[in-house]
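Trainee: Need a 3D model of the following:
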Amino acid sequence: MTTRHLQGVTLECVQGDIARQPDMDAIVNAANAELRIGGGVAGAIHRGAGPELERECQPLAPIQPGQAVITGAHNLPNRSVVHCLGPVYGVDEPAEPLLASCYRNALELAEQNELGSIAFPAISTGAFGYPLEAATQVAFKTVLEMLPQLSSVKHIRFVLFQKADARVHEEVLERLLD
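Mentor: Model prediction:
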């Protein structure tokens with residue numbers, strides 16, 4: 001686990017399950033356009049939240065790559081779920097600005113809803129095929145650019161399911177901060 005304190009915000013990388021972050025006000029769903037249960041992150045979050053989450057999501061769908069929407073967390077131990085549709089690598093172009101929009105829009109929604117903490121997965125890196133290191137650079141660059149604008153969000157966590165993915169996040173963060 002890596003923890004850094006920057007501009008009044010705690011930024012950390014941990015290995016774990018995004019759907020099991022009880023100390024976070026919000027978790028981020030790497031959603032599909034229809035905001036339905038899926039595999040990976042979307043499946044874990046929807047299973048943890050229960051069927052009420054999908055019912056709340058239906059009128060908000062479809063969303064476009066880079067877009068984010070917020071819902072309640074239902075049976076999850078959080079206040080909210082922010083759903084982001086990341087770009088499919090090699091299909092949704094330009095991929096980098098679309099991925100950056102996911103992180104920016106999620107943080108803006110957290111601010112608008114006066115949330116103090118938010119946990120992100122590695123958006124677009126699973127079935128959507130975005131290379132992990134490149135996606136991680138986009139994620140951290142965007143978050144670091146947003147830090148001066150954050151007033152309520154004081155804790156940002158990246159939750160990676162696999163140890164190797166957590167290590168990549170830690171290495172990229174260290175390089176960007178050196």
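Trainee: Helices of the chain, start to end?
Mentor: 40-49, 51-57, 95-112, 132-146, 163-177 (DSSP state H).
Trainee: quick one: which of these is nearest residue 13?
Mentor: helix 163-177 (4.3 Å; CB to CB). From N, CA and C alone the C-beta is placed, and that goes for glycine too.
Trainee: Same question for the closest one: list its buried residues.
Mentor: 165, 166, 168, 169, 170, 172, 173 (16 or more other CB atoms under 10 Å).
Trainee: Likewise for stretch 42-61?
Mentor: Of the residues in stretch 42-61, 42, 44, 45, 46, 48, 49, 53, 54, 56, 57, 61 count as buried by neighbour count, 16+ other CB under 10 Å.
Trainee: For residue 70, give me the pLDDT.
Mentor: The model reports residue 70 with a pLDDT of 98.
Trainee: and it, how many neighbours does it have?
Mentor: Neighbourhood size, residue 70 [other CB atoms under 10 Å]: 20.
Trainee: distance of it from residue 114?
Mentor: Taking CB to CB, to the nearest Å as the measure, residue 70 falls 12 Å from residue 114.
Trainee: Ok, residue 101 next?
Mentor: 22 Å.
Trainee: These two: who's more crowded?
Mentor: For residue 101 and residue 114, the more surrounded residue by other CB under 10 Å is residue 101, and the numbers stand at 22 against 11.
Trainee: residue contacts, the more buried one?
Mentor: 65, 66, 67, 68 (CB atoms under 8 Å, 6 or more residues apart in numbering).
Trainee: Which one (most neighbours) among the residues you listed?
Mentor: In the contacts of residue 101, the most neighbours by other CB under 10 Å go to residue 68, 23 neighbours.
Trainee: residues in contact with that one?
Mentor: For residue 68, the contact set (CB under 8 Å, 6+ apart) comprises 82, 83, 84, 85, 101, 102, 105, 106, 108, 109.
Trainee: pretty sure the third one is touching residue 32, no?
Mentor: No - no contact is recorded between residue 84 and residue 32 when judged using CB atoms under 8 Å, the distance being 10.7 Å.
Trainee: how near is residue 76 to residue 126?
Mentor: Taken as CB to CB, the span from residue 76 to residue 126 is 20 Å.
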